[in-house]
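Participant: For reference, the sequence and a predicted model appear below.
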Amino acid sequence: MMMMTMPVEMGNGTTVQEFTLEGFPAIQHLGKVLFLVHLLAYLASITGNAVIVTIICADSRLQTPMYFFLSIFSFFECCFISAVIPKLLVIFLLGRQTISFLACFIQAFVFVYLGAAGFLLIAVMSVDRYMAICKPLHYPTIMNLKTCFLLVTACFTLAFTLITSLVVKVSQLSFCGPHVIPHFFCDLGALIHLSCSDTRSVEMLVFVLALLILLTSLIITVIAYSNIVVTIVRLPSAKERQKAFSTCSSHLIVLSMIYGSCVFIYVKPKQTNKLDSNREAALVNTVVTPLLNPVIYTLRNKQVHQALRETMCRMKISR
């Protein structure tokens with residue numbers, strides 16, 4: 001990360017050059033062990049998501065909107081976990097807990113931006129499943145390649161617009177001390193807690209934006225899957241019902257993990273509460289979920305599973 005060479009002058013005349021990430025002080029003595037565990041989890045997550053992206057791009061049978069969105073989502077997960085875990089690994093291994101003012105806000109922006117865009121993408125994936133199962137005759141014409149690109153671009157753009165304005169507003173607050181962030185990365189809630197400015201308007205903005213993004217995504221997802229369930233139940237044969245449900249079950253499992261941790265972290269009108277408990281929920285969101293996503297999508301999706309096996313067989317034959 002970029003280190004600042006000049007101090008940052010705050011509104012009250014005080015100077016803040018860097019913050020200190022507290023990490024997990026209660027278990028800091030296990031630094032080497034925690035480094036190894038998180039390094040393996042990070043590498044497994046990156047590898048798993050990268051494999052999904054590679055398989056989808058390489059296998060012509062997976063060139064469909066559902067797998068296109070899944071590949072984008074897996075790429076998001078790689079970027080999302082990379083925004084946080086490398087710095088955490090440095091903390092565990094070397095004990096270097098300081099981070100510059102600029103690097104801290106860059107990390108906060110990347111983390112929140114990717115998270116917001118990810119939730120919007122989840123809503124789009126839900127709509128895609130709704131169209132495929134509930135409107136199969138119109139699906140090929142509506143969900144074409146152009147529509148898919150437009151939807152993904154809309155997710156990027158809307159998230160960037162909302163999160164940029166929020167992070168800029170937080171960065172303009174005064175920071176008089178203390179400079180210790182009770183977290184393992186630069187989270188906006190923890191940064192707001194450190195400010196000596198009047199943060200009520202910023203806290204409300206964080207709450208409103210989190211509620212807007214999470215609820216919008218959740219409402220779209222619930223409506224889509226409610227219609228999907230009704231349609232599946234009405235299918236004439238048990239085999240058709242099982243096949244339709246199998247295409248949605250992986251998505252639903254991932255959704256439950258992501259929504260659960262993020263609602264716990266962000267949808268609170270007072271960001272200064274429960275910062276300690278946020279660390280555990282954030283760890284699930286930033287490490288566990290990206291690690292489990294490739295496993296869930298691979299093991300519960302027969303087409304991905306088959307494509308993976310065929311790719312591995314081709315690699316063995318080529319040797």
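Facilitator: Yes, it's here. Numbers count the residues shown, from 1 in each chain.
Participant: going forward, measure contacts and count neighbours with C-alpha atoms only.
Facilitator: Noted.
Participant: can you pull out the strands in the stretch 151-300 of the chain?
Facilitator: Applying DSSP state E, counting those that start in this stretch to the stretch 151-300 of the chain gives strands spanning 180-181.
Participant: Now do stretch 197-209: distance to the chain's middle.
Facilitator: Distance, stretch centre to chain centre, for stretch 197-209: 22 Å (Cα atoms, centre = their mean, to the nearest Å).
Participant: What mean pLDDT does it get?
Facilitator: Mean pLDDT, taken over the full extent of stretch 197-209, equals 87.
Participant: buried residues in that stretch?
Facilitator: 197, 199, 202-203, 205-209 (16 or more other Cα atoms under 10 Å).
Participant: Out of these, the closest to residue 125 would be?
Facilitator: residue 209 (21.0 Å; Cα to Cα).
Participant: For that closest one, which non-adjacent residue is spatially closest?
Facilitator: Excluding its sequence neighbours, the residue lying closest to residue 209 (Cα to Cα, 6 or more residues apart in numbering) is residue 162, at 7.6 Å.
Participant: Next: residue 206.
Facilitator: Residue 206 sits nearest to residue 166 (Cα to Cα, 6+ apart), 7.2 Å away.
Participant: Let me see the contact set for the one you found.
Facilitator: If you count contacts by Cα atoms under 8 Å, 6 or more residues apart in numbering, residue 166 has them with 202, 205-206.
Participant: So what's the predicted local confidence for it?
Facilitator: We have a pLDDT of 91 for residue 166.
Participant: Filter the contacts of residue 166 down to the ones in helices?
Facilitator: 202, 205-206 (DSSP state H).
Participant: Need the residues you listed in a markdown table (columns: distance to residue 182).
Facilitator: Shown next, in a markdown table, are the ones in helices among the contacts of residue 166 (distance: Cα to Cα, whole Å):
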| residue | distance to residue 182 |
| --- | --- |
| 202 | 19 |
| 205 | 21 |
| 206 | 18 |
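Participant: wait, which of the residues you listed is closest to residue 51?
Facilitator: Residue 51 lies nearest to residue 206 out of these, by Cα to Cα, at 34.8 Å.
Participant: how much space between that closest one and residue 200?
Facilitator: Distance from residue 206 to residue 200, counting by Cα to Cα, to the nearest Å: 10 Å.
Participant: how near is the residue nearest to residue 206 to residue 109?
Facilitator: In terms of Cα to Cα, residue 166 sits 9 Å off from residue 109.
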